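In: make a model of this:
(chains A and B)
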Amino acid sequence: MELLTNQVLAGIATGAIYACMALAVVMIYQAIDHLNFAQGEMAMFSTFISWQLMQWGVPYWSAFLLTLAISFAGGILIERLLFKPLAKAPVLTNVAGFIALFAIVNSVAGLTWDFTIKQYPTPFGSAPFLGSQLISTHQAGMIGVTLLMLIGLYLFFQFTRIGLAMRAAAALPESARLVGVNTSWMIALGWGMASAIGAVAGILIAPVVFLEPNMMGGVLVYGFAAAVLGGLSSPLGAVIGGFLVGVFENLAGTYIPGVGNELKLPIALALIITVLVFKPAGLFGRAIVKRV
Amino acid sequence: MSAAAEDAVTEAPAAVEAVPKRAMTLGTGTSLVILAALLVTPMFVKNFVVFQMTMVMIYGIAVLALNILTGGSGQFSLGQSAFYALGAYTSAVLMENFNVNYALTLPIAGLVSFGAGYLFGKPALRLSGIYLALATFALAVAMPQLLKLHFLEHWTGGVQGLTVMKPDAPFGLPLGQDKWLYYFTLAISLAIYIGSVNLLRSRSGRAFMSIRDNEIAASAMGVDVAQYKTLAFGISAGITGIAGGLSAIVVAFVAPDSYTINLAIALFLGMVVGGVGWLPGSFVGAAFIIFVPNIAESISKGLSGAVFGVLLFLVIFLVPHGARQVAIVAQQMLGKLKKN
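Out: This is a model prediction of the structure:
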């Protein structure tokens, strides 16, 4: 029993990483209706910016806020420069664009900051949390920040004018335009917000997985899986999905014989697909009904 | 809770423009010129270039298979590398462990992959769009790990992979191994290309395309949607398997890490660059994914990824519909010239 509790706790701790990433994925999916494959790389780049700022002597929290602002602006810039011109192109062309962005960001980060692994500071400390050996204060802080972001996003989308406009622009672009919503800028705003959330995720994850240009590769896969499992239309679902994937992965690694580290990912994915076969829109997503 | 239960209602997306039959292929004249060029070129270039051209054709077959699935039936797959790996391993294991003739392993590789694709297509029926992409992605991620499994090591060679004997030209033909394999691949590519074009023009092809354009309308017209969707998956996987088998013969080596998700992504890029739904474009796309990374590397070693990304952006900015768009524009210009 104790093994089970411990494994679940450890799963929740890793799940927080996935939840963070999944939240960023859902954000951009809401805004632009595609999965952005470059999301992880953008988050990695933001994390490097904050690291660089700290190297230059900027204190942690100032660097954090500055990075959020830079990432927000960067996200909007990328949308305006690279993806607005592709708005009318086929979906698959857009996906190719994401892959291109992935390659560019990864390569530029590698050249600027090289591929050596870097330590990244945490503001929460890394002592055991409430006497548990499995969850450190950093991981608890990470879970806390993720939940705070979730609440913040919920409030933003439900109770602000601009949040409502963004939802309208994503759900029914034509009608939104008719009532005077500037849908094009809502998409840019979505990119900015997703990029900023990604930056938070990156900064929280970096102390755990260490900072290097390929740090997001594995995390992004789990983030996507978590977002899809929770339902791409639900930020809450994405966070719950993140925790579920973390726990699944740990339990499968512990209890199914012959599953080493290498088979963890395929098993977690297989499980998610099994769930999807029964609930094709994810656990918390809305089924889309088409009017014909 | 009520929000989740309430169904979101959206308008059906505007129908995709139908592809006119003639636009799907090249004209007879153009085809013959290209074929002649392909037959003659190996006589004048180095063996390494011949090898690269062979690889372009092999990737071209795999991109073509994805094109049948995505451009034909409107389903998306990031798992093509898994079927490619399955085909490659089937051929390699048959050649090395059972001494089967290399040419005979190809139909078997195709059949095995067809079966796997068909079976995978069954549960995947429930999924579409992004969700299907994730499911196929999982397949691509799992495949290299499965090939490394311990109890299969006796056949697959585990992490080390398998080395395969490169076949010589038969009947004492005066051709080197590379040149012989080039013509061998060319013949198979041609057969698959012609077969695929005819498939898409057949009753089944029309069923695929009707599903792509509007699933509900297709089923209302009496198309067995589930049957044709899984069939498209199976056929696409089967052709990819043949490409994989060919690659095992030509490269003379298979290893789990040659068939990662990166291969699936490359094949996807090849399809987009070549033009989704335009079969001749598959080979243009294949050339792109083979040569452009090399070009990027030669421009800047440290920034090769960035250069590749920028080149890719250039292509999709200039021609969002891929090589097909170039072909259409060229055709129109030729038409104008003829009129004048």
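In: when you work out contacts or count neighbours from here on, use the C-alpha atoms and nothing else.
Out: Will do.
In: what's the neighbour count on residue B:251?
Out: For residue B:251, the neighbour count with other C-alpha atoms under 10 Å in any protein chain shown is 16.
In: and the stretch 101-250 of chain B, which of its residues are near chain A?
Out: Contact residues (C-alpha under 8 Å from any C-alpha of the partner chain) of the stretch 101-250 of chain B with chain A: B:123-124, B:126-127, B:130-131, B:134-135, B:138-139, B:141-142, B:145.
In: CSV for those, including pLDDT?
Out: Output for these, formatted as CSV (pLDDT from 0 to 100):
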residue, pLDDT
B:123, 80
B:124, 78
B:126, 78
B:127, 78
B:130, 75
B:131, 78
B:134, 78
B:135, 81
B:138, 81
B:139, 84
B:141, 82
B:142, 81
B:145, 80
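In: adding neighbour count, write these out as CSV.
Out: CSV is the format used below for those (neighbours: other C-alpha atoms under 10 Å in any protein chain shown):
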residue, neighbour count
B:123, 16
B:124, 22
B:126, 15
B:127, 22
B:130, 16
B:131, 24
B:134, 24
B:135, 26
B:138, 25
B:139, 24
B:141, 24
B:142, 23
B:145, 18
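In: farthest-apart pair in these, please.
Out: Greatest spacing in those, by C-alpha to C-alpha: B:126 and B:145 (25.7 Å).
In: residue A:197 versus residue A:145, what's the distance?
Out: Counting by C-alpha to C-alpha, to the nearest Å, the gap from residue A:145 to residue A:197 is 11 Å.
In: also residue A:93?
Out: Residue A:93 sits 25 Å away from residue A:197, going by C-alpha to C-alpha.
In: next: residue B:89.
Out: 43 Å.
In: show me the contacts for the residue lying closest to residue A:232 once chain neighbours are set aside.
Out: Leaving aside its chain neighbours, residue A:232 sits nearest to residue A:26 (5.6 Å; criterion: C-alpha to C-alpha, 6 or more residues apart in numbering or on different chains). Neighbouring residues of residue A:26 by C-alpha atoms under 8 Å, 6 or more residues apart in numbering or on different chains: A:227, A:232-235, A:238.
In: what helices or strands is the longest helix along chain B leaning on?
Out: Counting by DSSP state H, the longest helix found in chain B is helix B:225-251. Helices and strands touching helix B:225-251, by 3 or more C-alpha pairs under 8 Å, 6 or more residues apart in numbering or on different chains; DSSP states H and E, are helix B:47-67, helix B:80-98, helix B:102-124, helix B:177-201, helix B:203-213, helix B:215-220.
In: and it, how far out from the chain middle?
Out: 8 Å (C-alpha atoms, centre = their mean, to the nearest Å).
In: angle of it against helix B:177-201?
Out: Angle of helix B:225-251 versus helix B:177-201, following axes from the mean of the first three to the mean of the last three C-alpha atoms, to 10 degrees, is 170 degrees.
In: check which helices and strands the helix or strand immediately after helix B:225-251 in the chain is in contact with.
Out: Using DSSP states H and E, the next helix or strand after helix B:225-251 towards the C-terminus is strand B:253-254. Helices and strands touching strand B:253-254, by 3+ C-alpha pairs under 8 Å, 6+ apart, are helix B:80-98, strand B:162-163.
In: can you put those in JSON lines and add mean neighbour count and mean pLDDT?
Out: JSON lines is the format used below for these (neighbours: other C-alpha atoms under 10 Å in any protein chain shown; pLDDT from 0 to 100):
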{"stretch": "helix B:80-98", "mean neighbour count": "26", "mean pLDDT": "89"}
{"stretch": "strand B:162-163", "mean neighbour count": "18", "mean pLDDT": "81"}
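In: how about the ones you listed in CSV, adding distance to residue A:114?
Out: Formatted as CSV, the helices and strands packed on strand B:253-254 follow (distance: least, C-alpha to C-alpha, whole Å):
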stretch, distance to residue A:114
helix B:80-98, 30
strand B:162-163, 34
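In: can I get the helices and strands packed on helix B:225-251 in JSON lines including distance to residue A:67?
Out: Putting the helices and strands packed on helix B:225-251 into JSON lines (distance: least, C-alpha to C-alpha, whole Å) gives the following:
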{"stretch": "helix B:47-67", "distance to residue A:67": "41"}
{"stretch": "helix B:80-98", "distance to residue A:67": "38"}
{"stretch": "helix B:102-124", "distance to residue A:67": "41"}
{"stretch": "helix B:177-201", "distance to residue A:67": "51"}
{"stretch": "helix B:203-213", "distance to residue A:67": "43"}
{"stretch": "helix B:215-220", "distance to residue A:67": "46"}
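In: to residue A:36, which of these lies closest?
Out: With C-alpha to C-alpha as the criterion, residue A:36 lies closest to helix B:80-98 of those, at 20.3 Å.
In: same for that closest one, what does it pack against?
Out: Here helix B:80-98 is seen to pack against helix B:47-67, helix B:102-124, helix B:129-147, helix B:153-156, strand B:162-163, helix B:225-251, strand B:253-254, helix B:261-274 when contacts are counted using 3+ C-alpha pairs under 8 Å, 6+ apart.
In: change it to 7 Å
Out: With contacts taken as 3 or more C-alpha pairs under 7 Å, 6 or more residues apart in numbering or on different chains; DSSP states H and E, helix B:80-98 sits against helix B:102-124, helix B:129-147, helix B:225-251, helix B:261-274.
In: quick one: low-confidence parts of chain A?
Out: Along chain A, the parts satisfying pLDDT under 70 run over A:1, A:129-134, A:257-262, A:287-292.
In: show me where it has its strands.
Out: According to DSSP state E, chain A carries its strands in the segments A:128-129, A:132-136, A:288-291.
In: and the closest residue to residue B:165 other than its chain neighbours, backbone torsions?
Out: Excluding the flanking residues, the one nearest residue B:165 by C-alpha to C-alpha, 6+ apart is residue B:252, at 6.1 Å. When read as degrees, to the nearest 10, the backbone of residue B:252 gives phi 60, psi 30.
In: ditto for residue B:222
Out: phi 100, psi 10.
In: leaving out sequence neighbours, find the closest residue to the residue in the stretch 51-200 of chain B that chain A sits nearest to.
Out: Residue nearest to chain A within the stretch 51-200 of chain B (C-alpha to the nearest C-alpha): residue B:142, separated by 4.9 Å. Using C-alpha to C-alpha, 6+ apart and skipping the chain neighbours, the partner closest in space to residue B:142 is residue A:266 (4.9 Å).
In: and what of residue A:51?
Out: Per C-alpha to C-alpha, 6+ apart, closest to residue A:51 is residue A:120, 7.4 Å.
In: quick one: neighbours of that neighbour, just the number.
Out: The burial count for residue A:120: 19, using other C-alpha under 10 Å.
In: what sits against it?
Out: For residue A:120, the contacting residues are A:206-207, A:210-211, by C-alpha atoms under 7 Å, 6 or more residues apart in numbering or on different chains.
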